[in-house]
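> no FASTA, just this:
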């Protein structure tokens, strides 16, 4: 062995791309040879491969069923090469390949042919990373992903999978890299087992109450709410925790509440509570976590915070709570939690105020929230959570008919996409984007991807489960819809709108009118002033043919809140029961209301449907298509449209909204339609 060769064999940090052909050993000899030849041609054709080889900074190591490529310039080289190979594989569907990338030490060795070669931990780990994947996956070690995250254009392509055990009990942290066209977005088989084990483990239920403001000044109530909501957001990401939604938890603001009694009422294991006091710009927080079973304090802490400085106080509190509850977060969740929301203090406080008004869920509150969130973004245009908050506002303004679809949904989509571009790990942004895909664009597959992403990021996101349940109902997946809505009710047990959605979107759309009746009766008993509950119950009575009771419920709903939704129900039942004169009077009121502000054409179409005026009904439905009216998303499953379903124009309408008129979903025994 020459001295020259020895000098070349020094320890270096290299960037390794390891790849193999999945199922290679099962192929015949001729098939193996053909597969390797095809792979070699694809790899040699990659620009990154040619550039590195031309510069003399590439080592190629055949491995029998694949190869390892060792780059030396930067970790982007093997990743770019992997994407090129993935693109080329689209023309080779019979070549199942998986790839893994890791940066680590390699050193020279002399092989049996007395040739210089390389080996070392960098190559071994790249192979272990690859072994965690299935066909099409481009997996990266966490180390490589962290290096790539320094360049903004990679961030949206990196999806943390957590840890996986490989050979010899070694644990490696894996990140999946994929684009809309390249790579494999599915969770690898090895990680599915991990996820199943995690979900199967006992879940601890937790409630986070708003911080009590000792200042007694309503001006700073938003601060205690904002901190508590931030804690809910972070802790909700863990699959080992089930965190009660803020709309339920925040009903308990009083400082003298019995936590053990509240724990029994909410069926939780522990409750977070705290007090906030302010002296000039300094805020002092006294927080504790209490075991509601025996009343003992699990954790307690005093914190101080300067209002004039940006500080992620929620992350500090959540880290301590997670440690005490023995809850692990993935590295990606830890990174998301530790991110400073914004370095601009004024932008942060405007954001908290905006969220405070958004949570009121009134038209005035939503519009005030939009103003505050826009002001926050003027201070810091890169504030991802403020963009997500703005998306939520525009989404609800559209959903609840406060704005016309073309005024609200495009703004919601733009804000959500901006939030996701800045931080892909915000569940709220994905959920709001899903709503625009469903209600405005009728992109059903795209909506489901976004809903799933939102719940993957935050399994305890009650509003996300509520919206996803409504989506599943609209596409006819009634069993799954009921399951999601029931989970939303568990997470937000005091929310009347979630409970009402289970009655309407869960049972009513599945045509189980008796279960819908039972559920909506519960809603009304718990909140007799909730007009939505009376309105939904009116539709149930209508489908059961109980006209007087339907008129009574719609009338109560109208007295509580006179709007288009209450009027259309009354017009429909009057028309169906043969009271044509009163039905026309109510329809006239609907048309007058449309002259003042936005009223969905679907509502007017339903009134004409009940009167047997099909031509007028279809004319208004055509107008609804032009406007992309939200209620069209329910047209496949809403029993109110049954009088129109036999008309050929209805099949055309379903196609326009993205549905196949011949497609029918399987239903369980307890979700079969009942005749009115």
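It's in. All of these numbers come straight from a predicted model, not from anything done at the bench.

> residue contacts, the spatially most central residue of the chain?
Relative to the mean C-alpha position of the chain, the nearest C-alpha, by CA atoms, centre = their mean, is the one of residue 454, at 1.0 Å. By CB atoms under 8 Å, 6 or more residues apart in numbering, the residues touching residue 454 are 427, 428, 430, 431, 434, 461, 464, 468. Quick note: C-beta positions are derived from backbone N, CA and C, even for glycine.

> distance of the fifth one from residue 611?
In this structure, residue 434 and residue 611 are 35 Å apart, going by CB to CB, to the nearest Å.

> so those two - more neighbours on which side?
It is residue 434, of residue 434 and residue 611, that has more neighbours when counted by other CB atoms under 10 Å, with 26 against 19.

> pretty sure that one contacts residue 447?
Yes - when contacts are counted by CB atoms under 8 Å, residue 434 is listed as touching residue 447 (4.7 Å).

> please enumerate the strands of the protein.
Along the chain, counting by DSSP state E, strands occupy 12-21, 58-62, 66-71, 97-110, 116-119, 138-141, 158-165, 171-177, 204-208, 212-213, 241-243, 270-279, 282-291, 297-306.

> pick the most deeply packed of the ones you listed.
The densest packing among these, expressed as mean neighbour count by mean count of other CB atoms under 10 Å, is seen in strand 138-141 with a mean of 29.

> list residues touching both of residue 434 and residue 447?
In terms of CB under 8 Å, 6+ apart, residue 434 and residue 447 are both contacted by the residues residue 471.

> where does the protein have its least confident helix or strand?
Taking mean pLDDT, DSSP states H and E as the measure, helix 3-8 is the helix or strand of the chain with the lowest mean score, a mean of 40.

> contacts for stretch 417-433?
Outside stretch 417-433, the residues within contact range by CB under 8 Å, 6+ apart are 155-156, 159, 233, 332-333, 335-336, 339, 382-385, 387-389, 391-392, 394-395, 412-413, 415-416, 450-451, 453-455, 457-458, 461, 463-464, 467-468.

> just the buried ones from the residues you listed?
Members of the contacts of stretch 417-433 that pass the buried threshold by neighbour count (16 or more other CB atoms under 10 Å) are listed as 155, 159, 233, 332-333, 336, 383-385, 387-389, 391-392, 394-395, 412-413, 415-416, 450-451, 453-455, 457-458, 461, 463-464, 467-468.

> so where is the stretch 201-350 of the chain shaky, pLDDT-wise?
Judged by pLDDT under 70, the stretch 201-350 of the chain has its weakly predicted residues at 201-202, 215-219, 254-255, 308-312, 328-340.

> again, but for the chain
Counting by pLDDT under 70, the chain contains low-confidence residues at 1-10, 110-117, 169, 192-202, 215-219, 254-255, 308-312, 328-340, 661-676.

> would you map out the domains in the chain?
As recorded under automatic domain parsing, the domains making up the chain are 3-199, 204-339.

> can you put these in TSV and add distance to residue 566?
Formatted as TSV, the entries for these read as follows, by distance: least, CB to CB, whole Å:
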stretch	distance to residue 566
domain 3-199	41
domain 204-339	23
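
> relative to residue 520, which of the ones you listed is closest?
Between residue 520 and the domains of the chain, the shortest gap by CB to CB is with domain 204-339, which sits at 18.9 Å.

> can you put the strands of the chain in CSV and add distance to residue 654?
Rendered in CSV, the data for these read as follows (distance: least, CB to CB, whole Å):
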stretch, distance to residue 654
strand 12-21, 44
strand 58-62, 55
strand 66-71, 48
strand 97-110, 40
strand 116-119, 61
strand 138-141, 39
strand 158-165, 34
strand 171-177, 36
strand 204-208, 41
strand 212-213, 52
strand 241-243, 38
strand 270-279, 48
strand 282-291, 51
strand 297-306, 54
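
> any idea how far residue 28 is from residue 34?
Distance of residue 28 to residue 34, given as CB to CB: 9 Å.

> neighbour count: these two, which is higher?
residue 34 (14 against 8).

> helices of the stretch 101-250 of the chain, start to end?
121-131, 142-148, 152-155, 189-200, 221-235, 246-249 (DSSP state H, counting those that start in this stretch).

> so which of the ones you listed comes closest to residue 313?
helix 221-235 (6.3 Å).

> now what about the closest one, what contacts it?
206, 208-213, 241, 243, 245-246, 249-250, 272, 274, 276, 283, 285, 313-315, 317-318, 321-322, 327, 336-337, 349, 351-353, 355-356, 359, 427, 458, 460.

> how does it look with 7 Å?
Helix 221-235 is contacted from outside by 206, 208-213, 241, 243, 246, 250, 272, 276, 313-315, 317-318, 321, 337, 352-353, 355-356, using CB atoms under 7 Å, 6 or more residues apart in numbering.

> pretty sure residue 524 sits against residue 531.
No - counting by CB atoms under 7 Å, residue 524 stays clear of residue 531, with 10.1 Å between them.

> list the contacts of the residue nearest to residue 80 when sequence neighbours are not counted.
The shortest distance from residue 80 to any non-neighbouring residue, by CB to CB, 6 or more residues apart in numbering, is to residue 48 (4.8 Å). Contacts here follow CB under 7 Å, 6+ apart; on that basis residue 48 touches 77, 80, 81, 84.

> quick one: which of those residues is most hemmed in?
Within the contacts of residue 48, most neighbours by other CB under 10 Å means residue 81, with 26 neighbours.

> hmm, residue 45 and it touching each other?
No - if you go by CB under 7 Å, residue 81 and residue 45 don't touch, sitting 10.8 Å apart.

> intersection of neighbour lists for those two?
Common neighbours of residue 81 and residue 45, counting by CB under 7 Å, 6+ apart, are absent.
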